[in-house]
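Participant: from the sequence below, what's the structure:
(4 chains)
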2 protein chains.
Amino acid sequence: MIGRMAQSSGAELALLLLGGFHSMVDEVNAELAKRGHAGVRPVHEFALRAVDAGADTASELGRRLSVTKQAAAQTIAALEEFGYVDREPDPSDARRKRVRVTPRGHELMAIGGALFDDVRSRWATRIGPAQLETLEAHLAQLTEHRSFTADDLQD
Amino acid sequence: MIGRMAQSSGAELALLLLGGFHSMVDEVNAELAKRGHAGVRPVHEFALRAVDAGADTASELGRRLSVTKQAAAQTIAALEEFGYVDREPDPSDARRKRVRVTPRGHELMAIGGALFDDVRSRWATRIGPAQLETLEAHLAQLTEHRSFTADDLQD
DNA sequence: AGGGGATGGACAAGTAACTTGTCTATATGG
DNA sequence: CCATATAGACAAGTTACTTGTCCATCCCCT
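Facilitator: You can find the predicted model right below:
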């Protein structure tokens, strides 16, 4: 997704953002495959981090990632198949199954996180650490008000 | 895709970039639907711009978008069905079918471009026009070297 | 206490945007 | 003039979702 877009700097900006994301993810994924975590898709990495950060049920994970609980359940099933999470009944609520990150899952998070940080620090070298931090701060500001997307999932 | 990621500022940056993209696209798409272009998916918009910018065959479009020619052909088929492009045989090469943006296609580009520009200028107001331009320049710098992704499609 | 709505999860089917693989037709360069 | 590259069509498979439906469990209200 490069190429001259012409006539819309807004559309170009959108492509720049997507391009930046892909740029990072492609690189991290290629390295992960070489290090014994082949078959891991970007979404798995991010979902695993969300689980570890406390989204320990399918419904909650769905809310955090702004997807349906069914989509989240499918992601969890994939993570479980790879051995990155396991599930156990919640003793205090028989409806819930609590998802937990396994040691192998934490290993993936550690490696993946380090790889993402590598890319980020290479970027910091290219444009300067202060500039990168400013860029991140601005992006955070521009996207923070968009939590509404999670709210209109009444599922 | 919001939520605390913890332990990896690199992963957070990736999510910020993706979040920014989605933020723009969701908004533009919602408005487009209200203005007589329902069913248009983000990818259609961007593909249409690439066609207009000169990627007038499926293979060439695939190269520009860094996807296979088959994927590009499917996108073109969808655009044709909606009436945004038409195709005619290339008189100088019987293998090729030249894709052209129709008036309705140009209308979509104009509306979509204006909507993207709206979002962008709202962002400019939020963080300041100079800051936004700096952000764009940095993103361009960080993603420019990634044209290699198109090259390893030997298809 | 018990009934009703909200919530969590499972199962099924459908969709969008890709991919690989295979095939044919046409072009082109040594 | 033939080997190779390229354009496109067709088929099937994959990923990451979606809707829709169903049931079990929880929790609040009267």
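
Participant: quick one: mean pLDDT over stretch A:116-125.
Facilitator: Across stretch A:116-125, pLDDT averages out at 92.

Participant: again, but for stretch A:92-105
Facilitator: Averaging pLDDT along stretch A:92-105 yields 96.

Participant: now stretch A:51-60
Facilitator: Here stretch A:51-60 scores 95 as its mean pLDDT.

Participant: gap between the two ends of that stretch?
Facilitator: End-to-end distance for stretch A:51-60, by C-alpha to C-alpha, to the nearest Å: 9 Å.

Participant: name the residues that touch that stretch?
Facilitator: Stretch A:51-60 is contacted from outside by A:61, A:63-65, A:69, A:72-73, A:76, A:79, A:85, A:90, A:96-101, A:105-106, A:109, B:3-6, using C-beta atoms under 8 Å, 6 or more residues apart in numbering or on different chains. Backbone N, C-alpha and C define where each C-beta goes, glycine included.

Participant: which bits of chain A sit near DNA strand D?
Facilitator: Within chain A, the residues that sit near DNA strand D (C-beta under 7 Å from any atom of the strand) are A:39, A:41-44, A:65-68, A:70-71, A:74-75, A:78, A:93-95, A:155.

Participant: of the residues you listed, buried ones?
Facilitator: A:42-44, A:65-67, A:71, A:75, A:78 (16 or more other C-beta atoms under 10 Å in any protein chain shown).

Participant: mind putting those in CSV, pLDDT included?
Facilitator: What follows is these, written out as CSV (pLDDT from 0 to 100):
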residue, pLDDT
A:42, 77
A:43, 83
A:44, 88
A:65, 92
A:66, 91
A:67, 94
A:71, 96
A:75, 95
A:78, 94
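
Participant: now narrow those to whatever sits close to chain B.
Facilitator: A:65-66 (C-beta under 8 Å from any C-beta of the partner chain).

Participant: quick check, nearest of the buried ones among the residues of chain A next to DNA strand D to DNA strand C?
Facilitator: For those, the closest approach to DNA strand C (C-beta to the nearest atom of the strand) belongs to residue A:71, at 8.7 Å.

Participant: report the secondary structure state of the closest residue to that closest one other than its chain neighbours.
Facilitator: Leaving aside its sequence neighbours, residue A:71 sits nearest to residue A:62 (C-beta to C-beta, 6 or more residues apart in numbering or on different chains; 6.4 Å). Of the three states, residue A:62 takes helix under DSSP: H, G, I helix; E, B strand; the rest coil.

Participant: top strand in chain A by residue count?
Facilitator: Ranked by residue count, the top strand of chain A under DSSP state E comes out as strand A:93-101.

Participant: pull out the buried residues from the contacts of stretch A:51-60.
Facilitator: Listed as buried from these are A:61, A:63-65, A:69, A:72-73, A:76, A:79, A:85, A:96-97, A:99, A:101, A:105, A:109, B:3, B:5; burial here means 16+ other C-beta under 10 Å.

Participant: so residue A:87 sits in a strand?
Facilitator: Yes. The assignment for residue A:87 by three-state DSSP puts it in a strand.

Participant: that one - how many residues pack around it?
Facilitator: 17 (other C-beta atoms under 10 Å in any protein chain shown).

Participant: do residue A:59 as well
Facilitator: Residue A:59 has 16 neighbours, counted by other C-beta under 10 Å.

Participant: name the element it belongs to?
Facilitator: helix A:58-65 (DSSP states H and E).

Participant: could you figure out how far that helix is turned away from strand A:93-101?
Facilitator: Here the directions of helix A:58-65 and strand A:93-101 differ by 60 degrees (axes from the mean of the first three to the mean of the last three C-alpha atoms, to 10 degrees).

Participant: who touches the very next helix or strand once past helix A:58-65?
Facilitator: Note on helix A:58-65: by DSSP H and E, the next helix or strand toward the C-terminus is helix A:69-81. Under the criterion C-beta under 8 Å, 6+ apart, residues A:43-44, A:47-48, A:51, A:58-59, A:61-62, A:65, A:85-87, A:99, A:105, A:155 lie in contact with helix A:69-81.
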